[in-house]
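Visitor: Need coordinates for the following:
(6 chains)
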Number of protein chains: 6
Amino acid sequence: MTGGLTHLDEDGAARMVDVSAKAVTAREAVASGRIAMSATASQAIRDGLVKKGDVLAVARVAGIMAAKRTADLIPLCHPIALSSVTVDFDLLDDGVRVVATARTAGQTGVEMEALTAASATLLTIYDMAKALDKAMVIGDIRLEAKSGGRSGDWKRGA
Amino acid sequence: MTGGLTHLDEDGAARMVDVSAKAVTAREAVASGRIAMSATASQAIRDGLVKKGDVLAVARVAGIMAAKRTADLIPLCHPIALSSVTVDFDLLDDGVRVVATARTAGQTGVEMEALTAASATLLTIYDMAKALDKAMVIGDIRLEAKSGGRSGDWKRGA
Amino acid sequence: MTGGLTHLDEDGAARMVDVSAKAVTAREAVASGRIAMSATASQAIRDGLVKKGDVLAVARVAGIMAAKRTADLIPLCHPIALSSVTVDFDLLDDGVRVVATARTAGQTGVEMEALTAASATLLTIYDMAKALDKAMVIGDIRLEAKSGGRSGDWKRGA
Amino acid sequence: MTGGLTHLDEDGAARMVDVSAKAVTAREAVASGRIAMSATASQAIRDGLVKKGDVLAVARVAGIMAAKRTADLIPLCHPIALSSVTVDFDLLDDGVRVVATARTAGQTGVEMEALTAASATLLTIYDMAKALDKAMVIGDIRLEAKSGGRSGDWKRGA
Amino acid sequence: MTGGLTHLDEDGAARMVDVSAKAVTAREAVASGRIAMSATASQAIRDGLVKKGDVLAVARVAGIMAAKRTADLIPLCHPIALSSVTVDFDLLDDGVRVVATARTAGQTGVEMEALTAASATLLTIYDMAKALDKAMVIGDIRLEAKSGGRSGDWKRGA
Amino acid sequence: MTGGLTHLDEDGAARMVDVSAKAVTAREAVASGRIAMSATASQAIRDGLVKKGDVLAVARVAGIMAAKRTADLIPLCHPIALSSVTVDFDLLDDGVRVVATARTAGQTGVEMEALTAASATLLTIYDMAKALDKAMVIGDIRLEAKSGGRSGDWKRGA
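Guide: Residues are numbered from 1 along each chain as shown, chains lettered A, B, ... in the order given. Below you'll find the model as predicted:
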């Protein structure tokens, strides 16, 4: 380990950490994020909803599928058999807030899966609204809570 | 189109917009983002650099590879033959700033490729530093500039 | 070529046919298919629509994304930069009919992309309705029309 | 759940259903499908076999590989560690019938894996024979039997 | 560039080299490799051929599909629209020799596509024969020839 | 089985062997390989290291990520939840030697994962150094040792 960075060995070389000795436990992680946009773009998404437009449906699917590909995208993540992924939205006046929850029974946590789901969901909203507003900003992507595993439960601000 | 959302048809159904009539031009997009972390985590990454640790090298590769997979992750993005991707870092006292640049000669812009590169790079830094700090926040992911294409050049704040 | 099968060489070995001498032209293909299901399952999908449920939105995204991955799934297909994909639905009393359209400017046709989009869309509907009806049957997956390329236009039944 | 559609929550939003409470049991699913084609195309495939042509070998590989990617293609499918996939053929006068069998020890069934294998196999046959016959029709894709899991065994027509 | 390594910038950071100024020309690359194995394993593959077994058919498909995914596997490779891939075999007394040829019309060479095809083909033969011989050795993977592009034609030993 | 080739059934057809009856045990495999290159290219890689260039860091990431995609590349490989992957280097006067180690707790061995990691690592080094030396040769890719599973431990030369 280099300076507490578990993904580096003593020479600073990257490695996929050995989790084979860890217990298989139920694990859950919740991550959130938001995209800030103009009132016009935000209104267009809300209007779309009213007309059964599927901006958020498409973004949700993107988030769920990205969660399943986390180990393909994040180099040192372990492949995980996710048992559940959900993506929820809060429509704000100036954007959208996303909350993603991932669950598994496995040897490693699912923080990265939840964070990847939130990120892909937000990028997809950006993609679908960018004709209306190129200046949108994606932010506040963070872990809200995790449970399961040796390191125990963790909750933001707790 | 529904309310200016080009990815929805008049019934609100998602579609991959037809770009076949657009001109093939040189296109470039620059996106940035940052991850805020504790001084301890930030120092560990800086120390890793000194010892040839490869946190940032791994994160850069993740960003470049994710840029190439953008159309696989963002449902309505067109597949694009990227001609160049670069990812640069600014090491800050309280985190890392990432700037990603993508280029192509094609019929659609590469904003999503640059934004996806920045997001995957930041998620990878999170993954590698999360043993030190679970409370890190990824934010300020945004387009800085784009050039090429019919809609012309765009620069943040300009 | 073996017995008219262009994907086999004279020894019967599979190959990705050389298209480098073919002209780059605008190409389009339309494929359709249907899934037959019980009245109950069909009604549930219709009800879902009324309540903004997104069975068909999810299935449409699956079809569009699968079209982009056609060369990854069908071993001898050429990678193609699709310029457009759309997926439309007809809700029937006993199921759903799907029509997928793919377009490109390239050296090979996009029949397989349209057929793959239709197949993935139908499989996704099956997945989402299978708790209601395991006996659903997917069928009538076929090319409706193609245009562009040396072999000229083709239309089913014409 | 919306109208019995387990992949939608009470608001009609798509979700990857939580299977973490389900038992790990041995599960098997058998799916079949067929492609109808002209006598000429059918004969070419048979002739190819005699000459060691590998139309069916290529199609079988495509089916097996697609089964492994099911969770990547079907948005709400759970990733599954398949323990076995086989694809068998019946050569008919007017086409080919495909039977795909998938097995796992896991928390969810493998119907989608078997159906995806059958679909990809049939699409690959279409691709390889389309120079001879563009009017081929893929159909009768359906589950034949499944075993394992809480919902018990199921057999078509039983 | 660092010490002639074009994939590193002046600071040693990895980058996907900008090829946007390069000419689009017809490009071809031929790569070869071999796998050495016991006479028993080699005979089993030959026997399989006689009985229409498809060890080599499966390995060929693996090579062709891997060529199409080169940019997904090799971090700094550009995505390329391959126009043709072929994989040929020489059956030897003590193994198998593989020759892979890739072609495109593009801005970068296809050496990596040909080399990746050869590698994946050989790994697949290893996988299928490993129950007979674990000591097999894969080697002599090398570029035989390339043509097209600014750097001109190159031929091994010339 | 055909002639001892377990991946072929009695008719010579490819199949993904059924491993559902195998025990879940801790499994490890070590594979190695090397790339031979000119002294100039070898020196450039060493110099890059000194200057914190990341040829080997990039190659290592490529190897680790490829290991996770083994079942996607090698048609009849089972998907495996790898618990650890490491890639180490020996810098030689005339090239680089790579040693890859993979671990899992599962029903099948991880030889293919270790071999695939070594191959992708070597191909990536080739890619990054090919501007200096097109004549590099990749070879000696082989299993060094495996442990776990019914067939017991195996060590090269033992």
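Visitor: For the lowest-mean-pLDDT helix or strand in chain A, which outside residues touch it?
Guide: Least confident helix or strand of chain A, by mean pLDDT, DSSP states H and E, is helix A:39-50 with a mean of 82. Residues from elsewhere that reach helix A:39-50 (Cβ atoms under 8 Å, 6 or more residues apart in numbering or on different chains): A:53-56, A:91-96, A:125, A:129, A:132-133, A:136, B:2-5, B:8, B:12, C:52. Just so you know, the C-beta spots here come from the backbone N, C-alpha and C atoms, and that holds for glycine as well.
Visitor: ok, the residue nearest in space to the middle of chain A - contacts?
Guide: Centroid-nearest residue in chain A: residue A:115, 2.3 Å away (criterion: Cα atoms, centre = their mean). Residue A:115 makes contacts with A:29, A:31, A:100, A:141, A:142, A:143, B:123, B:126, B:138, as judged by Cβ under 8 Å, 6+ apart.
Visitor: again, only using 7 Å
Guide: Going by Cβ atoms under 7 Å, 6 or more residues apart in numbering or on different chains, residue A:115 touches A:31, A:141, A:143, B:123, B:126.
Visitor: do the same with residue A:126
Guide: A:35, A:136, A:138, B:115.
Visitor: secondary structure element for the last one?
Guide: Assignment of secondary structure by DSSP states H and E places residue B:115 within helix B:111-129.
Visitor: go on, the first one?
Guide: Here residue A:35 is covered by strand A:25-36, with elements defined by DSSP H and E.
Visitor: Pairing partners for that strand, with directions?
Guide: strand A:95-106 (antiparallel), strand A:137-147 (antiparallel) (DSSP bridges).
Visitor: which one of the ones you listed is the most hemmed in?
Guide: Comparing these by mean neighbour count (mean count of other Cβ atoms under 10 Å in any protein chain shown), strand A:95-106 ranks first with a mean of 24.
Visitor: Tell me what angle that strand forms with helix A:111-129.
Guide: Per axes from the mean of the first three to the mean of the last three Cα atoms, to 10 degrees, the angle that strand A:95-106 makes with helix A:111-129 is 150 degrees.
Visitor: Give me the below-cutoff pLDDT ranges for chain A.
Guide: For chain A, the stretches flagged by pLDDT under 70 are A:1-3, A:49-53.
Visitor: run the last query once more with 80
Guide: Scanning chain A for pLDDT under 80 picks out A:1-6, A:10-12, A:23, A:48-53, A:150-152, A:158.
Visitor: which residue sits closest to residue A:92 in space, ignoring its chain neighbours?
Guide: Take residue A:92 and drop its neighbours on the chain: the residue closest to it by Cβ to Cβ, 6 or more residues apart in numbering or on different chains is residue A:42, 7.0 Å away.
Visitor: my bad, residue A:156
Guide: In space, residue A:156 is closest to residue A:144, 5.2 Å off (Cβ to Cβ, 6+ apart).
Visitor: show me what contacts the one you found?
Guide: A:30, A:31, A:32, A:156 are the contacts of residue A:144 under Cβ under 7 Å, 6+ apart.
Visitor: which among those end up buried?
Guide: Burial by neighbour count, 16 or more other Cβ atoms under 10 Å in any protein chain shown: within the contacts of residue A:144 this picks out A:30, A:31, A:32.
Visitor: Quick check: bridge partners of the first one?
Guide: Read that as residue A:30. Applying DSSP bridges, one finds that residue A:30 bridges with residue A:101, residue A:145.
Visitor: Correct me if wrong: it contacts residue A:153.
Guide: No. Counting by Cβ atoms under 7 Å, residue A:30 does not reach residue A:153; the two are 11.4 Å apart.
Visitor: Could you check how far the residue lying farthest from the centre of chain A is from residue E:27?
Guide: Using Cα atoms, centre = their mean, the residue of chain A lying farthest from its centre is residue A:11. It sits 30.6 Å away. Between residue A:11 and residue E:27 the computed distance is 39 Å (Cβ to Cβ, to the nearest Å).
Visitor: same deal with residue A:43?
Guide: Residue A:43 is 50 Å from residue E:27, by Cβ to Cβ.
Visitor: hang on, the earlier thing: with the contacts of residue A:126 in mind, which one is nearest to chain D?
Guide: Nearest to chain D, judged by Cβ to the nearest Cβ, of these is residue A:35 at 18.1 Å.
Visitor: ok, that closest one - contacts?
Guide: Residue A:35 makes contacts with A:95, A:96, A:122, A:125, A:126, A:136, A:138, as judged by Cβ under 7 Å, 6+ apart.
Visitor: What is the distance between the strand holding residue A:35 and the centre of its chain?
Guide: 6 Å (Cα atoms, centre = their mean, to the nearest Å).
Visitor: Could you export it as PDB, CA atoms only?
Guide: Taking Å, rounded to 0.1, in the frame of the first residue of the first chain, the C-alpha atoms of strand A:25-36 are listed here in PDB:
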ATOM      1  CA  THR A  25     -22.400  -9.900   3.200                       C
ATOM      2  CA  ALA A  26     -25.400  -8.000   2.100                       C
ATOM      3  CA  ARG A  27     -24.200  -4.600   0.900                       C
ATOM      4  CA  GLU A  28     -26.000  -1.400  -0.100                       C
ATOM      5  CA  ALA A  29     -24.800   2.000  -1.300                       C
ATOM      6  CA  VAL A  30     -26.800   5.200  -2.000                       C
ATOM      7  CA  ALA A  31     -25.300   7.900  -4.100                       C
ATOM      8  CA  SER A  32     -26.700  11.200  -5.300                       C
ATOM      9  CA  GLY A  33     -25.900  14.000  -7.800                       C
ATOM     10  CA  ARG A  34     -27.500  16.900  -9.600                       C
ATOM     11  CA  ILE A  35     -27.500  18.700 -12.800                       C
ATOM     12  CA  ALA A  36     -28.100  22.500 -12.800                       C
END
